[in-house]
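Undergrad: need a structure here:
(one chain, ligands or ions: 1)
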Amino acid sequence: MENQANKLKRLVKEQPEKTGHVTRFVAITSGKGGVGKSTVSANMANLLANHGYKVGLLDADIGLANLDVILNVRIQKNLLHVLKGECALADIVVQVKPNLILIPGESGDEILKYNDQFIYERFFEEAKFLDNLDFLIMDTGAGIGETIQVFLEAADEVIIVTVPDPAAITDAYATIKVTSKIKDSLQMVLNMTRNEKEAQLIFDKIKKVALQNIGPKLELNLLGRLPDDKIVSRSVKQRTLFTNDAPMSAPSMEMKRIVNNLVFRLERKVLDTKADRSFGGFFKRLMEQF
Ligand SMILES: Nc1ncnc2c1ncn2[C@@H]1O[C@H](COP(=O)(O)OP(=O)(O)OP(=O)(O)O)[C@@H](O)[C@H]1O
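TA: Numbers count the residues shown, from 1 in each chain. Okay, here's the model as predicted:
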């Protein structure tokens, strides 16, 4: 019988290996915890997978509702176990549905703390089975910690999620300010907003402050908004995804707009194709920066 590791390798490698295949790395972060970062990450990855993209979802945040809980999958070990040499990468990867895998992580601090050269070499070799991913969506922790910044710097696109409450906005702004030192463009998602007007108003205020204090060099964009909706909270409680449960609902339609805007941006963006654009290459960049 085919074991789990081989099955995963086969599933992810269904397509013939493309030379020069590009994986796009998207980091989702927030200033404050509990603003919907994991909910946005999981539903974004789900919609991209529905579009036919091969998507990896990396949980680099151990918060209240982890991605395995949101996606209703069982995990036993995570990236930390791989980096400690206790299991193989293929053993921890969970196939959520066709085109969507979950890579269970740990807090970024823990992940990047391990630096055993021998295990790294094996890890990068093993990571080749993830080379066909079109997107890696990373749910990072909240705040302005050094490790989170390392993940954000290595990403092609950084999305900062916030909610309208003043404390969350202040913290989101702190993230924008710190991250503007390493990124020229940042995306925002305003979650739990009453309507589009409210989202735009809040965004305009943040943008004005950013322009005054950071300057015009930073391109700050509103990628989209999500309403505060029972459909979203209910799906999280039921361990389902609202983009599956209620695909025609207001939150799903807004989530589709966010995903379309993201894909549009990334398709236009000139990516650094000199850098190794594989999952392993991305991790190498992380380790080098840390
Ligand atoms: N648009 C929304 N409408 C209603 N409830 C929401 C919405 N977005 C998120 N929530 C609820 O907010 C809570 C926190 O969401 P989530 O776990 O995604 O946040 P987080 O920022 O990832 O948190 P953490 O910092 O713990 O990782 C969840 O219970 C979720 O149901």
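
Undergrad: which parts of the stretch 151-290 of the chain sit against the ligand?
TA: Proximity of the stretch 151-290 of the chain to the ligand is assessed by Cβ under 6 Å from any ligand atom, with 191-192, 226, 228-229, 232-233, 236, 251 identified as the residues in range. For glycine as for every other residue, the C-beta is placed from the backbone atoms N, C-alpha and C.

Undergrad: of the residues you listed, select the buried ones using a PyMOL command.
TA: In PyMOL, a selection of the buried entries from those looks like this (16 or more other Cβ atoms under 10 Å):
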select buried, resi 191+192+226+229+232+236+251
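
Undergrad: looking at the residues of the stretch 151-290 of the chain next to the ligand, which are in helices?
TA: Among those, the subset assigned to helices under DSSP state H consists of 232-233, 236, 251.

Undergrad: picking up where we left off before, which of the residues of the stretch 151-290 of the chain next to the ligand lies closest to Leu79?
TA: The shortest distance between Leu79 and any of these, using Cβ to Cβ, involves Val236 and amounts to 23.4 Å.

Undergrad: pretty sure the closest one sits against Leu67.
TA: No. Applying Cβ atoms under 8 Å as the test, Val236 and Leu67 come out as separate, 11.3 Å apart.

Undergrad: tell me where the stretch 101-250 of the chain has strands.
TA: Secondary structure of the stretch 101-250 of the chain (DSSP state E, counting those that start in this stretch): strands located at 135-142, 157-162, 185-193, 219-227.

Undergrad: got the angle for the third one vs helix 230-237?
TA: Between the direction of strand 185-193 and that of helix 230-237, the angle (axes from the mean of the first three to the mean of the last three Cα atoms, to 10 degrees) works out to 100 degrees.

Undergrad: contacts for strand 185-193 next, please.
TA: 35-36, 39-40, 157-164, 172, 176, 179-180, 199, 202-203, 206, 218-228, 258, 262, 265 (Cβ atoms under 8 Å, 6 or more residues apart in numbering).
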